[in-house]
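Peer 1: Fold the following, please.
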Amino acid sequence: MNFEKLFSDYKIPYSTRINRGWVNISCPFCGDTKFHGGFSIENTHFNCWKCGSHELNQALSKVLKVPYSEVKNIISDYAGRSGIIKQLNKKVARATSLQFPDNGFTHAERQYLIGRNFSPRYLHDKYGVTGGGITGRWKYRILIPVFLNGKLVSWTGRSILPKKLLKENEIPRYKNLSIEESVINIKECLFNIDNCKKEVAVLVEGAFDVMRLGDDFLCSMGTELTQGQIKIISDNFRKIFIMFDNEPEAQKKARKFGLQIASIGIDVEIINAYSDFNKNDGAELNDNEVRIIRKELSL
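Peer 2: Below you'll find the model as predicted:
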């Protein structure tokens, strides 16, 4: 893992002179300002001389100030042929079928959805959405199944906890079923692909955006696209609209992936429809705004 290049690119002060085989930085967990935190070049883990060891992806998320969900892609970019790539490549989908934990909704889960102007019954009936309950691995999460050709292949869970609590406890907003437990790696699928029957579709950021906008909208669960997802697009659509969130970084990603998709012969158009309604993302739209967007896109 080329931590030196990574930190240089992200303008993070570092030192390679404190401990051989380590790249040291100020620890983001304990408020240290004297390079007590370090990433091991050989073993690719993080340790602070003051507060102990921390999981690699979590440490990088805090140091680089990026969402936890984006860390794996950053690691890929800076890992080269190191052991961490080998580790990532070992993760393969092994399941042949899945049993989705359809628990219904707790009162808190129901209120979370209603608070975002979603109908819990509609989401359950249309998309198979359910709640994670109050105990266990998926507690306090809305579970969103991912289907391919009618078969359940994976799912993700969106936390219903407040943003402040998520940040304080370093809880990821979204948590996917692991690759090994899935029938297909969720990052090799596109959510709602089974409900996109036309030659034209709209790629948005998240599942809640899709569920607000309806059929012929799909997402990759974020602003990153894998080569597998790009292939799905090329195999199924003549044209793709990319409609990411109304913020500079998201629009930058839209242009990046628009160029990649266009390079394989797919007609691509990047639009920022949310700005017309002073909204940040698709989930914030009301029914009338959804109708206007769908009409403008002839969907």
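Peer 1: Check the secondary structure at residue 158 for me.
Peer 2: The assignment at residue 158 comes out as strand when based on DSSP: H, G, I helix; E, B strand; the rest coil.
Peer 1: What is the burial count for it?
Peer 2: Using other C-beta atoms under 10 Å, the number of residues around residue 158 comes to 19. Quick note: C-beta positions are derived from backbone N, CA and C, even for glycine.
Peer 1: thinking it is in contact with residue 132, fair?
Peer 2: No - under the criterion of C-beta atoms under 8 Å, residue 158 makes no contact with residue 132, lying 9.3 Å away.
Peer 1: Next, show the common contact partners of the two.
Peer 2: 141, 142 (C-beta atoms under 8 Å, 6 or more residues apart in numbering).
Peer 1: tell me, how many neighbours does residue 53 end up with?
Peer 2: Neighbour count of residue 53, defined by other C-beta under 10 Å: 11.
Peer 1: now swap in residue 231 and tell me
Peer 2: 12.
Peer 1: so what's it up against?
Peer 2: Going by C-beta under 8 Å, 6+ apart, residue 231 touches no other residue.
Peer 1: mind checking the SS state of it?
Peer 2: Relying on three-state DSSP, one would call residue 231 helix.
Peer 1: Give me the pLDDT for it.
Peer 2: On the pLDDT scale, residue 231 is placed at 84.
Peer 1: From the structure, what's the count of residues near residue 68?
Peer 2: For residue 68, the neighbour count with other C-beta under 10 Å is 18.
Peer 1: Please tell me how far it sits from residue 54.
Peer 2: Here the criterion is C-beta to C-beta, to the nearest Å. By it, residue 68 lies 12 Å from residue 54.
Peer 1: okay, which residue is most central for the protein?
Peer 2: Nearest to the geometric centre of the chain sits residue 222, at 3.9 Å (C-alpha atoms, centre = their mean).
Peer 1: That one should be in a strand, yeah?
Peer 2: No - counting by three-state DSSP, residue 222 is not part of a strand but coil.
Peer 1: I'd guessed it sits against residue 207; true?
Peer 2: No - counting by C-beta under 8 Å, residue 222 stays clear of residue 207, with 9.9 Å between them.
Peer 1: What residue spans form the domains of the protein?
Peer 2: For the chain, automatic domain parsing gives the domain ranges 3-89, 107-186, 193-296.
Peer 1: Next, please give the residue ranges for the helices of the stretch 101-250 of the chain.
Peer 2: Secondary structure of the stretch 101-250 of the chain, counting by DSSP state H, counting those that start in this stretch: helices at 107-115, 120-127, 163-168, 207-213, 227-236, 248-262.
Peer 1: Just say which of the ones you listed is most tucked in.
Peer 2: Ranked by mean neighbour count, the helices of the stretch 101-250 of the chain are led by helix 207-213 with a mean of 24 (mean count of other C-beta atoms under 10 Å).
Peer 1: same for that one, what does it pack against?
Peer 2: Under the contact criterion of 3 or more C-beta pairs under 8 Å, 6 or more residues apart in numbering; DSSP states H and E, helix 207-213 touches helix 120-127, strand 151-159, strand 200-204, strand 217-219, helix 287-296.
Peer 1: thinking again about what came up before, excluding its backbone neighbours, what's nearest the residue nearest to the centre of the chain?
Peer 2: Distances taken as C-beta to C-beta, 6 or more residues apart in numbering place residue 69 nearest to residue 222, at 5.8 Å, with adjacent residues excluded.
Peer 1: and that neighbour, what does it touch?
Peer 2: 172, 173, 174, 222.
Peer 1: Distance of residue 126 relative to residue 145?
Peer 2: 11 Å.
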